[in-house]
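*Asks:* got a structure for you, letters missing:
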Ligand SMILES: C[S@@+](CC[C@H](N)C(=O)[O-])C[C@H]1O[C@@H](n2cnc3c(N)ncnc32)[C@H](O)[C@@H]1O
């Protein structure tokens, strides 16, 4: 997920669903009044979702959340073993995988979650190299770790456990040459995650549970080539043959699909993996805003006293409601720059995240495109 531009681009959608007052009876035959949105495509109320109408999914989540006995494999189910610390519930269906819905009404501007990454590593799509492998700053010139000779910006970063207790020892033992290409930098975070298998079983279990789209990546020429490069680097240069090709493939997939990138806004070229925020589904008109910050920006002056400011270890992602989110509504975030034109946006979502977006904004723009084509065709025929 990119964060090349973390400014808020929320604009009120032209395509928002109309709502209506619905009267229905619950299990005790007690009559209740709810405000239920109509699907803008099929115009059905949420309690009668059209299985082919993907815009109903938000609403289906809400309704099946109330229906614990639902055994339908296509229905949305509450995921009980992943707790969400803010006003959200983790749910799952066969289209989105895991996603989060609001467990109560969330007001505009309200903080939904502030989370530190569970892993961090150097990454820079614009290829700004060399990077300090610890703090992920663009160091511009060749400063090296005195042990492994990989780029770091000074002795503090050389000694910092994130580097010293992870890849540094492996690169030193195996005389791994300093990185030249981005894929070698990307291998650093891959190794950090793989080492969790031996050091933190709970964290490793969580890594195994992240989406990696291994089947789709297997059939994707570019994704396959870069995974093979990293597998070769880890097996043959770093001598880490104790990790299987499947484990490496999974971790590479997890990092490609789930990380947020901090670039110029924090002067850090870092990829950050978040445990909970990664669960949010994408929408091209998301109901949240997000911002990568240093936690010390949030601290009182007194708290900062014994703290190194703007350190990589204090990076965090803050997600707030960009508009009022109703109870049961899916909490959404943007994975790509949503100001991109329709086809570019959808291509990025397909190429990187392996799904065809069915959000209201896409469906509206697709319908507009279709109408435009039909009008042009009709004009041509008439001429
Ligand atoms: C960052 S992960 C989100 C968490 C993921 N659903 C899980 O179960 O781990 C991104 C993946 O979620 C799914 N996803 C997210 N938003 C989606 C959407 N709007 N439509 C369909 N699938 C979506 C896609 O499979 C995508 O590759």
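*Replies:* Perfect, thanks for sending it. The structure displayed is predicted, hence computed values, not measured ones. Numbers count the residues shown, from 1 in each chain.

*Asks:* List, one by one, the residues from this structure near the ligand.
*Replies:* 95-99, 210-211, 213, 257-258, 278-279, 281-282, 353-355, 357 (CB under 6 Å from any ligand atom). Glycine gets a C-beta too; all of them are placed from N, C-alpha and C.

*Asks:* Check the stretch 51-200 of the chain for the residue nearest the ligand and tell me.
*Replies:* residue 97 (2.8 Å; CB to the nearest ligand atom).

*Asks:* ok, that residue - contacts?
*Replies:* Shown in contact with residue 97 (CB atoms under 8 Å, 6 or more residues apart in numbering): residue 211.

*Asks:* Just grab the bridge partners of it for me.
*Replies:* residue 93 (DSSP bridges).

*Asks:* Let me see the confidence value for it.
*Replies:* Here, the pLDDT recorded for residue 97 equals 92.

*Asks:* can you start the count at 17 instead of 1 from here on
*Replies:* All set: I'll call the first residue 17, so the last point we hit is now residue 113.

*Asks:* returning to that earlier point: put the buried members of the residues of the chain next to the ligand into a ChimeraX selection.
*Replies:* Of the residues of the chain next to the ligand, the buried ones go into a single ChimeraX selection, burial set by 16 or more other CB atoms under 10 Å:
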select :112,114,115,226,227,229,273,274,294,295,297,298,369,370,371,373
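
*Asks:* Show only the entries of the residues of the chain next to the ligand found in helices.
*Replies:* Among the residues of the chain next to the ligand, the members falling in helices (DSSP state H) are 273, 274, 369.

*Asks:* Where does the prediction get shaky in the stretch 67-216 of the chain?
*Replies:* 67-89, 142 (pLDDT under 70).

*Asks:* if you go through it in chain order, where are the helices?
*Replies:* 73-81, 171-175, 177-180, 183-189, 198-215 (DSSP state H, counting those that start in this stretch).

*Asks:* list the buried ones in the last one?
*Replies:* By that I understand helix 198-215. Those buried within helix 198-215 under the rule 16+ other CB under 10 Å are 198-213.

*Asks:* before we move on, the earlier item: if we compare the helices of the stretch 67-216 of the chain, which one ends up closest to residue 307?
*Replies:* helix 198-215 (21.7 Å; CB to CB).

*Asks:* Tell me the helices and strands packed up against that closest one.
*Replies:* Secondary-structure packing of helix 198-215 (3 or more CB pairs under 8 Å, 6 or more residues apart in numbering; DSSP states H and E): strand 135-138, helix 183-189, helix 217-225, helix 237-248, helix 261-274, strand 286-289.

*Asks:* Distance to residue 306 for those - can I get that in a markdown table?
*Replies:* What follows is those, written out as a markdown table (distance: least, CB to CB, whole Å):
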| stretch | distance to residue 306 |
| --- | --- |
| strand 135-138 | 17 |
| helix 183-189 | 29 |
| helix 217-225 | 21 |
| helix 237-248 | 25 |
| helix 261-274 | 14 |
| strand 286-289 | 12 |
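
*Asks:* Give me the contact list for stretch 226-234.
*Replies:* 113-114, 239-240, 243, 262, 265-270, 272-274, 289, 294, 369-370.

*Asks:* Please name the bridge partners of residue 275.
*Replies:* Note on residue 275: beta-bridge partners by DSSP bridges are residue 289.

*Asks:* tell me the contacts of it?
*Replies:* By CB under 8 Å, 6+ apart, the contact set of residue 275 is 17, 139, 287, 288, 289, 294.

*Asks:* among those residues, which two are most distant?
*Replies:* Pairwise over these, using CB to CB, the maximum falls at 139 and 294, 15.5 Å.

*Asks:* Out of the contacts of residue 275, who's the most crowded?
*Replies:* Within these, most neighbours by other CB atoms under 10 Å means residue 288, with 29 neighbours.

*Asks:* That one against residue 282, yeah?
*Replies:* No: Residue 288 is not in contact with residue 282 according to CB atoms under 8 Å; the separation is 10.3 Å.

*Asks:* shared neighbours, the two?
*Replies:* 308, 331.

*Asks:* Against residue 113, how distant is residue 231?
*Replies:* Note on residue 231: its distance to residue 113, by CB to CB, to the nearest Å, is 13 Å.

*Asks:* who touches residue 188 in this structure?
*Replies:* Residue 188 touches 163, 164, counting by CB under 8 Å, 6+ apart.

*Asks:* quick one: contacts for residue 251?
*Replies:* Contacts of residue 251 by CB under 8 Å, 6+ apart are 257, 259, 261, 264.
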